[in-house]
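>>> structure for this input, please:
(2 chains)
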There are 2 protein chains.
Amino acid sequence: MSHALSCYKPTMASEVVLELKVERERSRLDLEELTNLLDGGAVFTDKRREMVKMVVEDPVFKRDNKYFLSTEESFDSAMRKNVHYIELLKSGKLKENNAEAYFKSAIDDDFPAAVHELMFVPTIEGQGNEEQKEKWLKISRNFDIIGCYAQTELGHGTFIRGLETTATYDPSTEEFVMNSPTLTSMKWWPGSVGHTATHAIVVARLITKGKDEGIHLFIVQLRSLEDHKPLPGIKVGDIGPKFGYFGMDNGFLHMTNVRIPRDHMLMKYAHVSRDGTYSKPPAEADKISYVIMVYARALIVDHSAETLARAITIAIRYSVVRRQTQNRPGEPETQVLDYQTQQFKLFPLLASAYAMKFAGHYMMKLYTEVTKEISEGNLKSLPELHATSAGLKAFCSELCCNGIELCRLSCGGHGYSAASGLPQLYADYSPSPTYEGENTVMLLQTARLMATSIYEAFNQIIKLNNEQVMMNPTWSHITGGISSKGNKISCCSIGTI
Amino acid sequence: MSHALSCYKPTMASEVVLELKVERERSRLDLEELTNLLDGGAVFTDKRREMVKMVVEDPVFKRDNKYFLSTEESFDSAMRKNVHYIELLKSGKLKENNAEAYFKSAIDDDFPAAVHELMFVPTIEGQGNEEQKEKWLKISRNFDIIGCYAQTELGHGTFIRGLETTATYDPSTEEFVMNSPTLTSMKWWPGSVGHTATHAIVVARLITKGKDEGIHLFIVQLRSLEDHKPLPGIKVGDIGPKFGYFGMDNGFLHMTNVRIPRDHMLMKYAHVSRDGTYSKPPAEADKISYVIMVYARALIVDHSAETLARAITIAIRYSVVRRQTQNRPGEPETQVLDYQTQQFKLFPLLASAYAMKFAGHYMMKLYTEVTKEISEGNLKSLPELHATSAGLKAFCSELCCNGIELCRLSCGGHGYSAASGLPQLYADYSPSPTYEGENTVMLLQTARLMATSIYEAFNQIIKLNNEQVMMNPTWSHITGGISSKGNKISCCSIGTI
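Model prediction:
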């Protein structure tokens, strides 16, 4: 485009800055204080700025031609960045005060090996016994192997108990035999499976002594550590083109009689002995393992805030610079941001981005507190943690999705150009309502706790007659609502809450 | 993927068909009758089927690898299809009963030269004088030249009066001198400008005898008919990557002292004589020329119905085939369509697709009636036509956009795969709320007629005291609403309508 624009002096740039400057000078907020609040403290702001600077100054992380890459080139570029990030990580340059997260956020690209750190390692930490942690964690943390998490199948996403992949124990060799017995049992969608991963945690039905013991986790090596080729019995590949997220190789995995040693089943809770005798996990193990998913959902709340903040920043800056329609003769055209209709679109989204950011802080705090309680053997807050994370995940991801699109549309035609950043932001973000718990299912689970809490609240109030009782926050919110309605409580009151 | 799937017998296909068959057999509608109603008569249904068959059987229109093409390959493919379509059109094979439209709809790809037929030719028909029609229409209809419509500039979309491109009349040579005097005056977004068009209708400010006479239309040749290279003074190119719509070369156009003959200004209404004397168009000319835009909006209503129908068909078929969660032991998993939450998402969209289809029929009927009235010199229904088309354009395009995304999300993870068809359907459709009249602006214009009609209605009722008066339909709808409230009418009643 420099050819077409070369006849114009570059003074436009400073004009644009001037208009933004005028708007910014109107703010009476202490920006540094607000920034620190958003980051969670000045020390984090400093670290974030340090990380952003490192990324901006590193040529490997350049993204000038981002929107001109083909799907394959996008993946190659993401892989190159991922490898460079791992080198920096291993060199110890990304330490303390959330440095890694800030660094990755500044890179602003998908990482083909992202699930290695996000799911593979934490699952072994949480579900492996001591010998397994010893065996796998060191080589994993050193990136000698790259792991993924193969749960979703062609036929099953939400309904985990319906997964069909089998791990049949063979006591004669003390191995599990992994199989994909049907078309629909093929693993489909897991990230990093397409090209990247050498190993997978495979979610499969354990079959031992002829009995189906349900879903358990198994570590399966997918590719050779010598030449990265799929091992015998393994068929893996990329599931093909998708809406966005081109830097992630979502893949398929099909297994035919793939044999793995007995100790590749993660055995912190459940156990299969040499002769194939199965020991159930304790009742609370399911709940504890569920906490990993809660963490993923808490991250989505924060990610929604960050993503919407990017979109709204683009849209508001554009609306300051863009002028359209001369409303009074002789005066300049009106800045688009000064139209009420534009404000009506953008300002609630701006407020929402802040609200979601602080909801993300709350969510992380709750997560930290409850996991501490759990480590002390106290599981009472788990339902509250579950319902809150599920509800916030659904609410924030939907709000963010719709918000990005509203930002795009509020930039008029220019929002449709890849150069606005908004189309790819949307395409990359838009699987969020689906992954890590489909939104409709999440909302129903939150609704279930709320409904249960309402009934509990009524029963408790009737029973205890205003006596002080232990409440979970949802419960307390609801009873507060009821109490404020006066003394007379009946079932009809529910409709008025 | 045949490699991974080769171990399975192909019986899955017939199972899928069976489940759809069961659902379809439950319908008590006469499908042929309904189809004819949607098409506007059996003769149209026959023609549509004939055209679909022609497309399906023609190897040039194959789209098996559609989602695997790069942006450039997508454009090449669209161009190849467009050229083949033009050959068929010229051979007379696409005649009568809406054949062309059905044929293009069945091809289901963008046409780089689409605006030639949609805007270039109709504008000359509507705005050219007899000599101009004689000169341009024959070669245009024969596709000897390919035209586009260059209106939007980098700095102006909605506010047409703010366009900056100039056409300065030079009486010494009897030519207009076309210029792009500022960065923001560069034409930006017009379809076909990037690579395809040889000619453009350029919307520019007419300057003659030192006076700016405002916006007029000029035919400018962009590229050589010999080697397709840009002519001297013309800079043209593609504006680069965008959300979707890869088969259309939205482009930029910059002009420096490009001279065109005097008779390249479209002069049916306005006129510049040899010495540069300007004659204004008659007062109603603006309104008449506006009718072309109304037609484009009427097409969007129908296109919204068709697009949403495609999306909802995909989502409902998927929901029939997809089963998730075993709700009762021993029974098969529940078809996703049987969940109330899924029905709540999809059924209103299904109903909306039908409603929009019939709204499209109404819109076309209104358009035909009003253009007939206009040709007889009667302009009284124009405001109603304008407000209806603007409001329906905004309403239907937003509903369709949101609807496609809801369909995509209701297909879970598989909706994110390009293979579902939904991501590209969305990306290609999603400029609709912006082009041909930005939706917010459209809604405000419809609201204006409604508000005006309310005040007129009150004044008329007070004045005429129930006497029969001529009403436009909006007016009549509103007064009907008021009358039903009783005899006592005051300004306060407005709030209760």
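
>>> distance from whichever strand or helix holds residue A:291 to the middle of the chain?
With elements taken from DSSP states H and E, the one containing residue A:291 is helix A:285-321. In this view, helix A:285-321 has its centroid 7 Å away from the chain centroid, taken as Cα atoms, centre = their mean, to the nearest Å.

>>> I'd like the average pLDDT over it.
Per-residue confidence for helix A:285-321 averages out to 91 on the pLDDT scale.

>>> pull out the buried positions in that helix.
Buried positions in helix A:285-321, judged by neighbour count with 16 or more other Cβ atoms under 10 Å in any protein chain shown: A:288-289, A:291-305, A:307-312, A:314-321. The C-beta positions use only the backbone N, C-alpha and C, and glycine is treated the same way.

>>> near chain B too, which of the residues you listed?
Of the entries in these, none also sits close to chain B under the rule Cβ under 8 Å from any Cβ of the partner chain.

>>> tell me how far the residue nearest the centre of chain A lies from residue A:110.
Ranked by distance to the mean C-alpha position of chain A (Cα atoms, centre = their mean), the top residue is residue A:300 at 4.0 Å. Distance of residue A:300 to residue A:110, given as Cβ to Cβ, to the nearest Å: 15 Å.

>>> could you do residue A:379 as well?
When distances are taken as Cβ to Cβ, residue A:379 and residue A:110 turn out to be 35 Å apart.

>>> ok, and the closest non-adjacent residue to residue A:88?
Setting aside the residues directly before and after it, residue A:88 is nearest to residue A:94 in space (Cβ to Cβ, 6 or more residues apart in numbering or on different chains), at 5.9 Å.

>>> burial count for the one you found?
Close neighbours of residue A:94, defined as other Cβ atoms under 10 Å in any protein chain shown, add up to 20.

>>> from chain B, how far out is it?
Between residue A:94 and chain B the distance, using Cβ to the nearest Cβ, to the nearest Å, works out to 31 Å.

>>> can you check residue A:121 too?
Taken as Cβ to the nearest Cβ, the spacing of residue A:121 relative to chain B amounts to 24 Å.

>>> do residue A:345 as well
In this structure, residue A:345 lies at 8 Å from chain B, with Cβ to the nearest Cβ as the measure.

>>> buried residues, the helix or strand where that residue lies. List them.
Under DSSP H and E, the secondary-structure element containing residue A:345 is helix A:340-375. Buried residues in helix A:340-375, counting neighbours by 16+ other Cβ under 10 Å, are found at A:342, A:345-346, A:349-350, A:352-354, A:356-357, A:359-361, A:363-364, A:366-367, A:370-371, A:374.

>>> care to break chain A down by domain?
Under the assignment named as automatic domain parsing, the residue ranges that make up the domains of chain A are A:144-283, A:291-324+A:331-437, A:446-496.

>>> just to revisit the earlier point, thought the residue nearest to the centre of chain A was touching residue A:393?
Yes. The pair residue A:300 and residue A:393 qualifies as a contact (Cβ atoms under 8 Å) at a distance of 5.0 Å.

>>> shared neighbours of the two, anything?
By the contact definition Cβ atoms under 8 Å, 6 or more residues apart in numbering or on different chains, residue A:300 and residue A:393 are jointly contacted by residue A:436.

>>> who touches stretch A:289-298?
Contacts with stretch A:289-298, where a contact means Cβ under 8 Å, 6+ apart, come from A:118-119, A:122-123, A:126-127, A:269, A:360, A:363-364, A:367, A:370-371, A:374, A:382, A:385-386, A:389-390, A:392-393, A:436-437, A:442.

>>> can you select the buried ones from those residues in PyMOL?
To isolate the buried members of the contacts of stretch A:289-298 in PyMOL, using 16+ other Cβ under 10 Å:
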select buried, chain A and resi 118+119+123+126+127+269+360+363+364+367+370+371+374+382+385+386+389+390+392+393+436+437+442
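
>>> so which of the contacts of stretch A:289-298 are in helices?
Mapping those onto helices (DSSP state H) picks out A:122-123, A:126-127, A:360, A:363-364, A:367, A:370-371, A:374, A:382, A:385-386, A:389-390, A:392-393, A:442.

>>> show me what contacts the residue nearest to the centre of chain A?
With contact set as Cβ under 8 Å, 6+ apart, residue A:300 has these partners: A:393, A:396-397, A:432, A:436.

>>> among those residues, find the lowest-pLDDT one for me.
Going through the contacts of residue A:300 one by one, the lowest pLDDT turns up at residue A:436, 92.

>>> for that residue, what are its contacts?
Going by Cβ under 8 Å, 6+ apart, residue A:436 touches A:293, A:296-297, A:300, A:393.
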